[in-house]
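>>> Sequence plus the predicted model coming up.
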Amino acid sequence: MRGRLGWTGLAAGAAGLVMSSVGVVPAAADVEEPGPGPLSVAGVAVPLSLAGELVVWGDNTYGEGVVPAEYAGTAFSQVLPIDDAVLALTAAGRVVGWGGNQRRIQQIPAEVAAEKVAQIAYSADGFAGAVTRDGRVLVWGVKRNRPTPHDVPAGLTGVTQLDLSMESAVALKADGSVVAWGDPTVGATNVPPELQATNGPPEVQAAQVLLDAGTATALTTDGAVKQWGRASGMLGRPAAVSDPGNVKAITRRDGGVLAWLADDSLVTWGYNMTGAPPVPRPVPATVAAAEPLLLARSLSFGFAMVDRDRVIRHWPTVAGATPDEGDPALLPAGLSGRAISQLSLGDDYTSESMSGGAIVTRLLRAESPQVVGSAQVGSVLSGVPGTFSATPDSVASQWLVGGVPVAGAQLAVTAAMVGKAISYQSTASKTGEPTISSTSAGVVVPAPPPPVVPSSTKVVKVKVAKKAAKVDVTGKVSATRPPTGRAVVTIKKGKKTIVAKTVAVSSSGAVKLTVKKFGKLTIKKIKAKGKKAKTAYRGAYTVSIRYLGNPQVKASTHTKKFKVR
């Protein structure tokens with residue numbers, strides 16, 4: 001079933017824990033001057049205007065702490081650091097992965113790699129998912145003999161956001177309704193009726209969905225939080241978050257939820273990682289005093305956010321940990337203060353290291369330009385400009401013929417371009433950023449095929465053996481170019497076809513056909529009966545050779561009469 005991908009027989013060790021970014025970012029192009037609150041739905045890839053450079057970090061045991069060189073200059077819109085690996089989404093909609101996750105989540109299935117993707121998701125139990133740009137869901141990873149996120153409902157479309165857990169999956173649709181599937185015993189699949197679209201739009205529309213094991217959380221479009229599933233994920237929830245207009249955005253870590261309220265304060269609830277009863281983990285005073293810009297989420301580590309000065313603030317929430325801002329030395333030097341539009345922190349936090357990833361808004365390549373049309377002499381080509389992240393001030397495009405710029409919106413292909421590569425190049429400029437160019441794949445103009453020449457075909461000779469035991473037909477096709485190809489030789493008696501056979505035509509134009517037992521064949525074909533049946537083969541015939549032509553030589557036909565005595 002489409003949407004159900006996976007591998008069997010993989011190691012069943014500990015799965016990677018992931019912190020999916022929750023972008024709460026200004027919609028304005030000038031991301032350095034954010035507005036007063038979140039202006040985009042969280043939990044999805046950032047838009048092209050905010051996409052840019054991918055920064056990752058970690059202990060780099062399997063290369064997960066470095067962006068591969070092949071992605072240099074590529075704009076990214078989402079990053080998910082997972083256990084010993086990285087999943088990321090380019091601004092062009094391509095899912096990529098690297099590192100050494102034992103579940104092989106970083107090995108992107110061919111069906112996913114072939115799609116244009118809008119958002120990616122990951123669960124700690126070895127599942128990954130993608131929402132395609134046309135709203136379908138694809139899931140890959142380990143397979144189990146029970147309901148799991150693999151069991152994507154047949155025909156599910158219109159999805160805009162996906163989140164996964166080890167047992168279930170929850171999806172937000174474009175109409176604001178919520179769909180969930182997986183293990184029905186944990187409760188996350190029991191979507192409240194008001195969030196479902198049964199006989200029309202849902203009574204209450206969701207703007208964001210989160211999933212933690214058996215607890216699902218939705219932020220509604222009117223700014224309230226709804227939860228369902230395992231009660232443990234709901235314990236200690238402040239009453240204010242259930243009231244419309246009080247919540248701007250939400251995020252989570254394993255067993256807890258962080259909410260950004262309308263007054264720019266932050267509140268948390270949930271249970272401790274130790275499994276002990278829920279204990280409120282206060283937001284550090286210095287964080288509480290800052291003005292949030294975007295939130296991040298993690299599983300075992302804690303919560304993180306970026307303030308309006310683009311300073312990253314993170315704090316552990318596990319039992320026994322000191323609620324402070326964490327150690328800035330665990331982050332890449334110079335990351336705070338940059339135009340961060342998405343932040344993700346991995347689960348492998350220690351006092352010495354922490355993994356993570358961030359998107360920094362910068363002018364980089366997204367979709368490459370394209371050449372539209374056939375590069376043949378006499379044709380006219382059109383170009384589709386490339387796209388770039390960070391809202392460039394200008395994008396100029398031009399044709400390159402053999403590396404030489406050619407002006408014009410369209411390109412007329414001439415004989416002078418034969419053998420040269422044609423490409424379309426877009427160059428983007430933005431104040432304060434280096435100018436960058438993106439070039440389409442080149443297409444080489446082939447030499448036009450030579451004109452097709454006429455041919456003449458002739459039945460040269462018909463030789464009939466005694467009692468028509470055999471008939472030999474020879475012919476000749478003449479042309480100024482080799483007439484190599486096929487011809488159809490037909491022999492008729494009156495209107496009755498006795499033989500119709502396709503034969504080869506040699507490069508010299510020779511045509512040959514031998515029909516054995518011709519007399520008996522004729523008697524059978526004309527269904528002769530009575531005393532004259534044995535000699536019914538005698539009489540007048542016509543033979544034709546119809547040369548079928550080839551790309552350089554036109555077809556032709558010749559017919560000749562002959563008698564059998």
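Nice, I can see it. Quick caveat: nothing in here was measured; it's all calculated off a predicted structure.
>>> Neighbours of the closest residue to residue 465 other than its chain neighbours, how many?
Nearest residue to residue 465, sequence neighbours excluded (Cβ to Cβ, 6 or more residues apart in numbering): residue 471, at 7.2 Å. The C-beta positions use only the backbone N, C-alpha and C, and glycine is treated the same way. For residue 471, the neighbour count with other Cβ atoms under 10 Å is 25.
>>> Next, work out how far apart residue 471 and residue 285 are.
Using Cβ to Cβ, to the nearest Å, residue 471 is found at 107 Å from residue 285.
>>> Could you check how far the spatially most central residue of the chain is from residue 93?
For the chain, the residue nearest the mean C-alpha position is residue 115 (2.0 Å; Cα atoms, centre = their mean). In this view, residue 115 and residue 93 are 8 Å apart by Cβ to Cβ.
>>> Next, show the common contact partners of these two.
residue 133 (Cβ atoms under 8 Å, 6 or more residues apart in numbering).
>>> about what we covered before: pLDDT score assigned to the residue nearest to the centre of the chain?
Residue 115 is assigned 97 on the pLDDT scale.
>>> How about it: what's its closest non-neighbour residue?
Using Cβ to Cβ, 6+ apart, the closest residue to residue 115 is residue 132 (4.8 Å).
>>> Check the contact between the one you found and residue 138; I expect there is one.
Yes. With contact defined as Cβ atoms under 8 Å, residue 132 reaches residue 138; the gap is 6.8 Å.
>>> Helix or strand next in line after the longest helix along the chain, which one?
Criterion DSSP state H: the longest helix present in the chain is helix 518-526. For helix 518-526, the following helix or strand on the C-terminal side (DSSP states H and E) is strand 539-547.
>>> Kindly export that next one (C-alpha atoms) in PDB.
Output of strand 539-547 as PDB, limited to C-alpha atoms (Å, rounded to 0.1, in the frame of the first residue of the first chain):
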ATOM      1  CA  GLY A 539      -2.700 -19.200 -63.500                       C
ATOM      2  CA  ALA A 540      -1.900 -15.500 -63.200                       C
ATOM      3  CA  TYR A 541      -0.400 -13.900 -60.100                       C
ATOM      4  CA  THR A 542       0.800 -10.500 -58.900                       C
ATOM      5  CA  VAL A 543       3.800 -10.000 -56.600                       C
ATOM      6  CA  SER A 544       4.500  -6.700 -54.800                       C
ATOM      7  CA  ILE A 545       7.500  -5.500 -52.800                       C
ATOM      8  CA  ARG A 546       6.600  -2.700 -50.300                       C
ATOM      9  CA  TYR A 547       9.800  -1.200 -48.900                       C
END
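>>> What distance do you get for residue 282 to residue 302?
12 Å.
>>> coming back round to it: the residue nearest to residue 465 in helix, strand or coil?
Secondary structure, DSSP: H, G, I helix; E, B strand; the rest coil: residue 471 is strand.
>>> Just the buried residues of stretch 84-100, please?
84-99 (16 or more other Cβ atoms under 10 Å).
>>> now do the same end-to-end measure for it.
5 Å (Cα to Cα, to the nearest Å).
>>> For it, give the mean pLDDT please.
Mean pLDDT, computed over stretch 84-100, is 94.
>>> And stretch 513-532, by the same measure?
For stretch 513-532, mean pLDDT rounds to 90.
>>> Ok, stretch 253-260 next?
The model assigns stretch 253-260 a mean pLDDT of 82.
>>> Quickly find the element holding residue 207.
Counting by DSSP H and E, residue 207 is part of strand 206-212.
>>> which helices and strands does that strand pack with?
Packing partners of strand 206-212 (3 or more Cβ pairs under 8 Å, 6 or more residues apart in numbering; DSSP states H and E): strand 159-164, strand 168-173, strand 215-220, strand 247-253, strand 256-261.
>>> Strand 256-261 and that strand, what's the angle between them?
160 degrees (axes from the mean of the first three to the mean of the last three Cα atoms, to 10 degrees).
>>> Direction included, what does strand 206-212 pair up with?
Strands that pair with strand 206-212, judged by DSSP bridges, come out as strand 215-220 (antiparallel).
>>> helix or strand right after the strand it pairs with?
With DSSP H and E, the next secondary element past strand 215-220 is strand 225-229.
>>> Let me see the mean pLDDT of that next one.
On average, strand 225-229 scores 92.
>>> who does that strand pair up with?
strand 215-220 (antiparallel).
>>> could you dump the partner strand to CSV, C-alpha only?
Output of strand 215-220 as CSV, limited to C-alpha atoms (Å, rounded to 0.1, in the frame of the first residue of the first chain):
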residue,chain,number,x,y,z
THR,A,215,-0.5,11.4,24.4
ALA,A,216,-1.5,13.7,21.6
THR,A,217,-1.6,17.5,21.9
ALA,A,218,-3.3,19.9,19.5
LEU,A,219,-3.1,23.7,19.4
THR,A,220,-6.3,25.0,18.0
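>>> where does the residue nearest to residue 115 sit relative to residue 94, distance-wise?
Residue 132 sits 12 Å away from residue 94, going by Cβ to Cβ.
>>> so what sits against both of those two?
By the contact definition Cβ under 8 Å, 6+ apart, residue 132 and residue 94 are jointly contacted by 116-117.
>>> for the stretch 451-565 of the chain, which spans come out with low pLDDT?
The stretch 451-565 of the chain contains no residues with pLDDT under 70.
>>> And the stretch 101-250 of the chain, by the same measure?
231-235.
>>> Output the contacting helices and strands for the longest helix of the chain.
Counting contacts by 3+ Cβ pairs under 8 Å, 6+ apart, helix 518-526 packs against strand 485-493, strand 496-505, strand 556-564.
>>> Output the contacting helices and strands for the first one.
Using 3+ Cβ pairs under 8 Å, 6+ apart as the contact definition, the elements that strand 485-493 packs against are strand 470-479, strand 496-505, strand 510-516, helix 518-526, strand 539-547.
>>> Turn those into CSV, including distance to residue 357.
Output for the helices and strands packed on strand 485-493, formatted as CSV (distance: least, Cβ to Cβ, whole Å):
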stretch, distance to residue 357
strand 470-479, 67
strand 496-505, 64
strand 510-516, 71
helix 518-526, 79
strand 539-547, 67
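>>> where's residue 264, which helix or strand?
Counting by DSSP H and E, no helix or strand carries residue 264.
>>> show me what contacts the closest residue to residue 388 other than its chain neighbours?
Once flanking residues are discounted, residue 388 sits nearest to residue 428: 4.2 Å by Cβ to Cβ, 6+ apart. Neighbour list for residue 428: 363, 386, 388, 392, 394-395, 435-438 [criterion: Cβ under 8 Å, 6+ apart].
>>> Of those, which belong to strands?
394-395, 435-438 (DSSP state E).
>>> Of the contacts of residue 428, select the buried ones using a ChimeraX command.
In ChimeraX syntax, the buried subset of those is picked out as below (16+ other Cβ under 10 Å):
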select :363,386,388,392,395,436,438
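>>> Make TSV from the contacts of residue 428 and add distance to residue 230 and pLDDT to it.
Compiled in TSV, those are given as follows (distance: Cβ to Cβ, whole Å; pLDDT from 0 to 100):
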residue	distance to residue 230	pLDDT
363	45	98
386	47	97
388	44	98
392	47	98
394	53	97
395	50	96
435	53	97
436	48	97
437	52	97
438	48	97
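>>> Closest one of the contacts of residue 428 to residue 44?
Closest to residue 44 out of the contacts of residue 428 is residue 388 (20.2 Å), distances taken as Cβ to Cβ.
>>> Please list all residues in contact with the closest one.
Going by Cβ under 8 Å, 6+ apart, residue 388 touches 75, 363-366, 395, 426, 428, 436, 438.
>>> cutoff 10 Å now
With contacts taken as Cβ atoms under 10 Å, 6 or more residues apart in numbering, residue 388 has the following neighbours: 48-49, 51-52, 75, 91, 362-367, 395, 426-430, 433, 436-438.
>>> TSV please, covering the helices and strands packed on helix 518-526 and showing distance to residue 290.
Formatted as TSV, the helices and strands packed on helix 518-526 follow (distance: least, Cβ to Cβ, whole Å):
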stretch	distance to residue 290
strand 485-493	80
strand 496-505	83
strand 556-564	87
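>>> winner for burial among these?
Among the helices and strands packed on helix 518-526, strand 485-493 has the highest mean neighbour count (mean count of other Cβ atoms under 10 Å), at a mean of 19.
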